[in-house]
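Engineer: take this sequence and fold it.
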Amino acid sequence: MSDISKNPILKLEDVSLSYRSNNPDVTDGTHQVLDSISLDLYEGETLGVIGSNGCGKTTILRIMAGILAPSSGNVTRRRGTSAALLSIGLGFKPNASGRSNAMLAAMLQGATKGQAESYLEEIKEFSELGIAFEEPVKTYSSGMMSRLGFTTALKTHVDILLIDEVLSVGDAHFKQKAEKAIKERISGSQTVVFVSHVSSQVQELCERVIWLNQGIVAEDGGASEVLHTYAKHIRIA
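Structural biologist: Now for the predicted structure:
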């Protein structure tokens, strides 16, 4: 693990996200997804995010990636910092091939056209898509889309990898391969934010964990401590 710098690579300050809802159980017709979230992410850090379904885990990743804008608060990335959200099929053009989608994703993550082209064969090989790499992604299974999304982000060398349950999808062989690749990145200088329902993965991969509960940070600390508190909460609930 690289030394964590004193200045955060990504900073969230009082970030909230809400939207209007027709659900009669929602107070004042507003659904509060995130409520005044503040946290600093440091270069070289591996941050885990845990919590029950609907607590805002995917939303916070999308805000970190710049896909969603918060309703209030500030998100600040260090100048020149690139980030990629590894989420099944996110942003894929269904009628375009795996190759075309990988090319586009790499360029959206900051690669030049020449750099993106240089990544393609490595992406094809690691993803194990074979001839399907040339086929439209609308023909892909969820596992195939997961492999393509994971590999594209991994091989284009973004500054921050935002991983949304990707390691929980696909066959056992690829999950093992993906975990090994992430561990190799973590042992270097890669900054990672990792969402998973699998506590053993979070324990193994993450040094620090935040527990989201009803849109707020219920706890932020060392992985073992936070996972222990979360496990007790689940048992009581």
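Engineer: wait, residue 202 sits on residue 192?
Structural biologist: No - Residue 202 lies out of contact with residue 192 (CB atoms under 8 Å); the separation is 11.3 Å. Just so you know, the C-beta spots here come from the backbone N, C-alpha and C atoms, and that holds for glycine as well.
Engineer: within the sheet, what are the partner strands of the lowest-mean-pLDDT helix or strand in the chain, with directions?
Structural biologist: None of the helices or strands of the chain scores lower by mean pLDDT, DSSP states H and E than strand 83-86, at a mean of 78. Here strand 83-86 is paired, per DSSP bridges, with strand 160-164 (parallel).
Engineer: which residues does the strand it pairs with contact?
Structural biologist: Residues outside strand 160-164 that contact it (CB atoms under 8 Å, 6 or more residues apart in numbering) are 9-10, 41, 57-58, 61, 64-65, 77, 81-88, 150, 153-154, 182, 185, 190-196.
Engineer: cool, and stretch 47-56?
Structural biologist: By CB under 8 Å, 6+ apart, stretch 47-56 touches 17, 33-34, 37, 41, 57, 60-61, 192-197, 199, 202, 205-215, 218, 223, 226-227, 230, 234.
Engineer: cutoff 6 Å now
Structural biologist: Contact with stretch 47-56 is made by 33-34, 41, 57, 193-195, 202, 206, 208-213, 215, 230, as judged by CB atoms under 6 Å, 6 or more residues apart in numbering.
Engineer: same check on stretch 199-207?
Structural biologist: 46, 48, 194, 196, 223, 227.
Engineer: in it, what's buried?
Structural biologist: By 16 or more other CB atoms under 10 Å, the buried positions in stretch 199-207 come out as 199, 201, 202, 205, 206.
Engineer: can you redo those residues as TSV with distance to residue 102 and pLDDT?
Structural biologist: Listed next are the buried residues of stretch 199-207 as TSV, based on distance: CB to CB, whole Å; pLDDT from 0 to 100:
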residue	distance to residue 102	pLDDT
199	32	87
201	25	84
202	28	90
205	24	86
206	27	90
